[in-house]
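Q: sequence unknown, structure follows:
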């Protein structure tokens, strides 16, 4: 009778450790049921999930322009990711932690792919609402008559033409569905790996897995750089170039690519078994093998019910150290998610970089530094087995360094060149911008709602438009556009810019043979741009040690049965108090730095046209530094809380190879101490930047 029972148990164990999906469980598949194969597959799929987040950030300003969204509005829309995590993270991790985790993680990949497709819908449904087509054919030049011969900006002239709510709904729903996918994939996928390896191997594997998955943002920013250089309507030609403020790139194309790949490859992860088989060190008869399987592999988790939910939640909420560390995580995530979300906008405004360039450079440098740091952190922690207290002290030190750097950069930036034509702007309104400001445009009927900057010949003066520069006519000739001041004098400009403008002096003197080109004047701040991204890259490298240690501490500070649930609780708290309010708060603060809003004839505001560079620099960096200060304080107290936490002790199941045999009735090991749960920013960083995202 005992042999029959053991045989049934062995067959059940083999079923739970076999690779395959549905009726397909071929022998050739079983060779992939190992941690190395899982690590590569999980990292490969995580790469595309990371691409979604980094691509979303890189295209954020483009979405604002196409659908006339304010920064505060986009912050609210991006909170859809956190809304789903608040509503579902506890339930998904409580039950999912005892289910078939690889298949649930694969389902998360499918959800993420669907989210990528959803966000594309507004382009095809509301694409004609975007004024990009008219903008590309509109050049406001000086005309002495009220009926200009040049194309005008007509979509905004009607009070009935307001931003539709449809695109906002689709963007919010995309983020909501993405939040479900992130929860399933990140939490269940990484705990599955930890449960199937020895504890001393976990730091190295976490570092390797995180670094592989963090390559995703590199591809995400790279894809954004490519798509942003394509015009939003691929079938149309335009005289604009990517550096023009009116340019709208093909943001939707990258989302389509990412979504299709995710949906078509999710099955790879679903093929992995409920738990990975362990190699037997001896094989002396049938009973010996069965005994080894029972000692070397975790017992099949029992089904959980809602009846046990309150008790499990109480275990976590009454854990003083767990809550203390969650508080630290909330403030760090709040600061970093807001900072990272609006970093591309800051680079475009402060350093005069195009959206494609700022996204590409920021992504490449940041991710390369983080990947190197994660690999080194995983290796060093596994080799030297640093105590939890020392790892937490390192987090505090890095936090202090980051605060100092943020304060310094708040007062270091680029000098902004004046924009002539803004003299009559009142409280960010463009209602008075058509009034002449200098003698060269005193007889012009300049449009107040057509922002198309032009740069003077010497590269020192920006104009609100060619009209504000006093230009009277224009002639487009292929890649070059020549502007005529009069019929007797014209000036060619061989350039790859959008158009060339012949200009009159700003004073009351005579005309002179000057030139001007479309777009902002070139910035002399590229060196500061390189310094900025390099310093931030070094900080990301140093903070990578904290990311590995935080994940490790989370796994060791709670009972085995509560591991996924504890991370789910961390997701809930940081989503509720950090990820949701942070983009909204940051968006509202950054909006205060706006000099000129895109406003229609009815006075309805859209996106910001021009920011005050100095105010934006101060607001972004000082707000981030102030919030991180609070997080460092909580981290400081956490250092003392984890002094007795052992990160590397094996549990009885894993110690079976060394002669320790767990009793069948033995309950899960209780943690030696509780400590910080994995902050969502850590797992989101594994996915990609929106979230940070980059600790």
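A: It's in. Since this is a predicted model, take the numbers as computed values, not measurements.
Q: which residues are contacting the stretch of helix or strand residue 75 belongs to?
A: Under the criterion of DSSP states H and E, residue 75 resides in helix 71-78. Contacts to helix 71-78, defined as C-beta atoms under 8 Å, 6 or more residues apart in numbering, come from residues 56, 60, 63-64, 69, 168, 171-172, 175, 341-342, 345, 582-588, 590-591, 607-608, 690. All C-beta atoms are positioned from the backbone trio N, CA, C, and that covers glycine.
Q: Would you list the buried entries among these?
A: 56, 60, 63-64, 69, 168, 171-172, 175, 341-342, 345, 582-587, 590-591, 607-608, 690 (16 or more other C-beta atoms under 10 Å).
Q: Name the nearest residue to residue 201, ignoring sequence neighbours.
A: Leaving aside its chain neighbours, residue 201 sits nearest to residue 382 (6.8 Å; criterion: C-beta to C-beta, 6 or more residues apart in numbering).
Q: Now do the contacts for that neighbour.
A: Taking C-beta under 8 Å, 6+ apart as the test, what residue 382 contacts is 200, 201, 202, 203, 204.
Q: go again using 7 Å as the cut-off
A: 200, 201, 203, 204 (C-beta atoms under 7 Å, 6 or more residues apart in numbering).
Q: What segments of the chain are strands?
A: 419-420, 454-455, 462-463, 475-477, 480-482, 484-486, 489-490, 500-501, 516-518, 594-599, 605-611 (DSSP state E).
Q: In terms of secondary structure, what does the third one contact?
A: By that I understand strand 462-463. strand 419-420 (3 or more C-beta pairs under 7 Å, 6 or more residues apart in numbering; DSSP states H and E).
Q: what's the answer for the longest one, then?
A: Using 3+ C-beta pairs under 7 Å, 6+ apart as the contact criterion, the elements in contact with strand 605-611 are strand 594-599.
Q: number of nearby residues for residue 523?
A: 17 (other C-beta atoms under 10 Å).
Q: Surely it touches residue 351?
A: Yes - taking contacts as C-beta atoms under 7 Å, residue 523 lies within contact range of residue 351: 6.1 Å.
Q: Overlap of the contact sets of the two?
A: Jointly contacting residue 523 and residue 351 under the rule C-beta under 7 Å, 6+ apart are residue 414.
Q: Buried members of the contacts of residue 382 into PyMOL, please.
A: In PyMOL, a selection of the buried entries from the contacts of residue 382 looks like this (16+ other C-beta under 10 Å):
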select buried, resi 200+203+204
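Q: of all the contacts of residue 382, which comes closest to residue 257?
A: Closest approach to residue 257 among the contacts of residue 382 (C-beta to C-beta): residue 204, at 32.5 Å.
Q: Look up how far residue 395 lies from the closest one.
A: Noted for residue 204: a distance of 19 Å to residue 395, by C-beta to C-beta, to the nearest Å.
Q: Could you report the neighbour count for the closest residue in space to residue 346 that isn't next to it in sequence?
A: Computed as C-beta to C-beta, 6+ apart, the closest residue to residue 346 that is not its neighbour in sequence is residue 620, at 5.6 Å. Residue 620: 25 surrounding residues under other C-beta under 10 Å.
Q: try the one 5 residues further on
A: Here the neighbour count serves as a burial measure; for residue 625 (other C-beta under 10 Å) it reads 20.
Q: before we move on, back to that, possible to save the contacts of residue 382 as JSON lines with distance to residue 107 and pLDDT?
A: Formatted as JSON lines, the contacts of residue 382 follow (distance: C-beta to C-beta, whole Å; pLDDT from 0 to 100):
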{"residue": "200", "distance to residue 107": "31", "pLDDT": "72"}
{"residue": "201", "distance to residue 107": "27", "pLDDT": "73"}
{"residue": "203", "distance to residue 107": "28", "pLDDT": "75"}
{"residue": "204", "distance to residue 107": "28", "pLDDT": "77"}
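Q: Now tabulate the contacts of residue 382 in JSON lines and tack on distance to residue 36.
A: Output for those, formatted as JSON lines (distance: C-beta to C-beta, whole Å):
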{"residue": "200", "distance to residue 36": "17"}
{"residue": "201", "distance to residue 36": "11"}
{"residue": "203", "distance to residue 36": "16"}
{"residue": "204", "distance to residue 36": "12"}
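Q: could you measure the residue lying closest to residue 396 once chain neighbours are set aside against residue 546, distance?
A: Residue nearest to residue 396 in three dimensions, not counting chain neighbours: residue 635, with 5.0 Å by C-beta to C-beta, 6+ apart. Separation of residue 635 from residue 546 (C-beta to C-beta): 9 Å.
Q: who has more neighbours, the two?
A: It is residue 635, of residue 635 and residue 546, that has more neighbours when counted by other C-beta under 10 Å, with 28 against 25.
Q: Run a quick check on the more buried one versus residue 397, I expect a contact.
A: No - contact criterion C-beta under 7 Å: residue 635 and residue 397 do not qualify, at 9.9 Å.
Q: Now residue 640. Nearest residue, chain neighbours left out?
A: residue 389 (7.8 Å).
Q: so who does the one you found touch?
A: Taking C-beta under 7 Å, 6+ apart, one finds 639, 642, 643 in contact with residue 389.
Q: Equivalent analysis for residue 406, please.
A: 621, 624, 625.
Q: Same list (those residues) but as JSON lines, adding pLDDT and distance to residue 532.
A: Formatted as JSON lines, the contacts of residue 406 follow (pLDDT from 0 to 100; distance: C-beta to C-beta, whole Å):
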{"residue": "621", "pLDDT": "93", "distance to residue 532": "11"}
{"residue": "624", "pLDDT": "94", "distance to residue 532": "14"}
{"residue": "625", "pLDDT": "95", "distance to residue 532": "15"}
